[in-house]
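Chemist: Just the structure for this:
(one chain, ligands or ions: 2)
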Amino acid sequence: MTEETPETEEQLAPYKIEEARSSRSRCRTCRRKIDKGKLRLGVLLEGPYGTGYLWHHLTCAAKRRADDVEAAYEERAWEPDLEVPPIEELRKLREKAEEAKKNKIDPPYAERAPSDRSKCKHCDEKIEKGAYRVVLLREIRFGNQVRGMPINVHPRCVAAELRAEDCLVELEGFEEAVRTNTPNFGDEDAVELFAQIGELE
Ligand SMILES: [Zn+2]
Ligand SMILES: [Zn+2]
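Modeler: Ligands and ions are numbered 1, 2, ... in the order given. Coordinates of the predicted model:
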């Protein structure tokens, strides 16, 4: 299960915080490599093939597995000479992560292009700075995995893009969804935007 378990099973505590001893372990939360020397949290897993730690970056665990982190701190699950961040710092990380999640808006929504560097993914032409653009979701596949990738589209290209096979935004209820997801748009913006989008049906 883990590459580095010199201990015998009886010695394994339910949690362990340590500096990664190599760069070979992978964080089970963010799926990225844990660099050697980075603080990691091990959560003991007893499985049919043996017992071992599943590792997480300590900071990733703080955001997504707060209960495990609290328990590990309660047990002081680290060597006495290891310097770990104060628990308050980790709790703050979690609060920030939750705040960010709350404020995240999901497509479809509209905005004004902050620069003229973005391109419409439907027609491949530039979107002018300050012009409206609509953010939709396009389906992309990695092997068996399906994910939605946010794409920028001209208002005039929305109708065609919504009909594309790999568009994950429904035509039905589109206008309402955009209004709900774009709360900072005033009525004037909305009227202008939907005039540019034109007939959808
Ligand atoms: Zn991570
Ligand atoms: Zn376009």
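Chemist: Spell out which parts of the chain neighbour ligand 1.
Modeler: Contact residues, the chain versus ligand 1 (Cβ under 5 Å from the ion): 27, 29-30, 57, 60. Where C-beta positions appear, they are placed from N, C-alpha and C, glycine not excepted.
Chemist: Give me the subset of those that also touch ligand 2.
Modeler: Within the residues of the chain next to ligand 1, nothing lies near ligand 2 by Cβ under 5 Å from the ion.
Chemist: Could you list which of those belong to helices?
Modeler: Cys60 (DSSP state H).
Chemist: Report the buried members of the residues of the chain next to ligand 1.
Modeler: Of the members of the residues of the chain next to ligand 1, the ones counted as buried by neighbours, 16 or more other Cβ atoms under 10 Å, are 27, 29, 57, 60.
Chemist: wait, which of the residues you listed is closest to His122?
Modeler: Using Cβ to Cβ, Thr29 comes nearest to His122 of these, at 34.8 Å.
Chemist: Next, the contact list for the nearest residue to the closest one once chain neighbours are set aside, please.
Modeler: Spatial nearest neighbour of Thr29, chain neighbours left out: Cys60 (3.9 Å); criterion: Cβ to Cβ, 6 or more residues apart in numbering. Cys60 is in contact with 27, 29-30, counting by Cβ atoms under 8 Å, 6 or more residues apart in numbering.
Chemist: quick one: buried residues of stretch 38-49?
Modeler: 38-44.
Chemist: Any figure for the gap between Ile140 and ligand 2?
Modeler: In this view, Ile140 and ligand 2 are 19 Å apart by Cβ to the ion, to the nearest Å.
Chemist: was I right about that residue contacting Arg147?
Modeler: Yes. With contact defined as Cβ atoms under 8 Å, Ile140 counts as touching Arg147 (5.5 Å).
Chemist: For the helix ranked longest in the chain, name the packing helices and strands.
Modeler: Among the segments of the chain that qualify as a helix by DSSP H, the longest is helix 87-103. Helix 87-103 sits against helix 58-64, helix 66-74, with contacts defined as 3 or more Cβ pairs under 8 Å, 6 or more residues apart in numbering; DSSP states H and E.
Chemist: before we move on, the earlier item: can you lay out the buried residues of stretch 38-49 as TSV showing distance to Leu90?
Modeler: Converted to TSV, the buried residues of stretch 38-49 look like this (distance: Cβ to Cβ, whole Å):
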residue	distance to Leu90
Lys38	14
Leu39	10
Arg40	13
Leu41	10
Gly42	16
Val43	15
Leu44	20
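Chemist: where does Val43 land in three-state SS?
Modeler: strand (DSSP: H, G, I helix; E, B strand; the rest coil).
Chemist: Is it bridged to anything, and to what?
Modeler: For Val43, the beta-bridge partners are Tyr15, Leu54 (DSSP bridges).
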